[in-house]
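**Q** sequence plus the predicted model coming up.
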Amino acid sequence: MDGYDPASLLKAATTLREGELVVFPTETVYGLGADAFNPIAVAKIFELKKRPHFDPLIVHIAHMQSVEKLVLNVPAQARRLMERFWPGPLTIIMEKQGMVPDIVTAGLKTVGVRMPSHPVALALIKALGRPVAAPSANPFGYMSPTKAGHVARMFADRVPLILDGGPSTHGIESTVVSVRGDTVYVHRYGAVPLEEIERVVGDLQEKEKGSICEAPGELPYHYAPHARLVIIRSQEDIRTSESGFLAFKNPEREPLSKHVRVLSAEGDLREAAAHFFSHLIELDQEGVDVIYAERVPEIGLGRAIMERLRKAAQKHTARA
Ligand code: TXA
Ligand code: MG
């Protein structure tokens, strides 16, 4: 359904109110939403995605005041981040209030909150009049969809309603941080580069890798295509023509692979991030056995891209 059509929006809000799921666009990736205060509806997200129950969901809001109903208090550093980056692709983990259902936070004492900037997402949350809990709208472990058509194919006819809001502009998920006292920890690299966050709150701490209960979603692999993914330095490392090639910029020579996607002709990281999942999903849907992905520079959004590539490559190393 056209997400910009008021009748579709109304229908989607009613669907959420009745405890059903709605797929909606955000500026990062598409989300699979449920009324955050309806635990049975939220349970349907886990069922449909086949997502483990220990992996908490992000709660999406449309008004700054809504954060007060979800968290015990807003630390000063969190307030600065909200003022600078909301609405937008930053998720902030804070101590939750008792009202937030445990299934949303996987039993944790914290909740991740974000105010998306996509007009259709904001309109949907406002029409429902309540926060919307939503993960990315992909089956667990697969790549996040950045177009309505991706979701339709991933879930076939098992999704009740999809609001189409066009391609997601950022194309990778939100950056996830938590705030404890004055310290800000990074949980996931994403659409807001760390350099920009540090300009607002000073130095960031990497979340300790061992502290898994702090971020249950930090599984060793994630975001993976069905094809085997191999990270390469240059196109010289491609071994077979029956392969996909995810190039960072325009290749200097004709690549050996028959299936080629270029993230950004001129090597612009923002453009590369915006195309990242959609190109990878499309290469995977072309049915190749192996996808060669060219490294990107690890600065700004390049870090988020490389983190996702490494996790995707890890899946096959882990299973091999
Ligand atoms: O851009 C996005 O963030 C998209 C759109 C739909 O908003 N959502 C998304 O959700 O990527 P999901 O569920 O695919 O990833 C959320 C990540 C997970 O790794 C989860 O473990 C982490 O955020 N997370 C959420 N709440 C948390 C909490 N209370 N403590 C630690 N990690 C949390
Ligand atoms: Mg996800």
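**A** Sure, I can see it. Ligands and ions are numbered 1, 2, ... in the order given.
**Q** so Glu173 makes contact with His187?
**A** No: between Glu173 and His187 there is no contact under CB atoms under 8 Å: 11.2 Å. Backbone N, C-alpha and C define where each C-beta goes, glycine included.
**Q** which of the two has more neighbours?
**A** Remark: of Glu173 and His187, Glu173 carries more neighbours, 25 against 18, as counted by other CB atoms under 10 Å.
**Q** quick one, phi/psi of the residue nearest the centre of the chain?
**A** Taking CA atoms, centre = their mean, the centroid of the chain lies closest to Glu173, which sits 2.9 Å from it. With angles defined as degrees, to the nearest 10, Glu173 sits at phi -70, psi 170.
**Q** enumerate every residue touching it.
**A** Taking CB atoms under 8 Å, 6 or more residues apart in numbering, we find Glu173 in contact with 28-29, 89, 136, 144, 188, 190-191.
**Q** from Tyr292, how far out is Pro145?
**A** According to CB to CB, to the nearest Å, Pro145 stands 22 Å off from Tyr292.
**Q** do the same with Glu282
**A** Distance of Glu282 to Tyr292, computed by CB to CB: 15 Å.
**Q** of these two, which one has the most company?
**A** Applying other CB under 10 Å to Glu282 and Tyr292 shows that Tyr292 carries more neighbours, namely 27 against 16.
**Q** and the more buried one, how far is that from ligand 2?
**A** Separation of Tyr292 from ligand 2 (CB to the ion, to the nearest Å) stands at 24 Å.
**Q** Three-state assignment for that residue, please.
**A** Put simply, Tyr292 is strand when judged by DSSP: H, G, I helix; E, B strand; the rest coil.
**Q** so it makes contact with His259?
**A** No: at 10.0 Å, Tyr292 does not count as touching His259 under the criterion of CB under 8 Å.
**Q** which neighbours do these two have in common?
**A** Common contacts of Tyr292 and His259 (CB under 8 Å, 6+ apart): 243-245.
**Q** against Pro131, how distant is the residue of the chain positioned farthest from its centre?
**A** Distance to the chain centre peaks in the chain at Arg253, reaching 33.3 Å (criterion: CA atoms, centre = their mean). Relative to Pro131, Arg253 is positioned 51 Å away (CB to CB).
**Q** equivalent analysis for His150, please.
**A** Between His150 and Pro131 the distance, using CB to CB, works out to 25 Å.
**Q** many thanks, have a good one.
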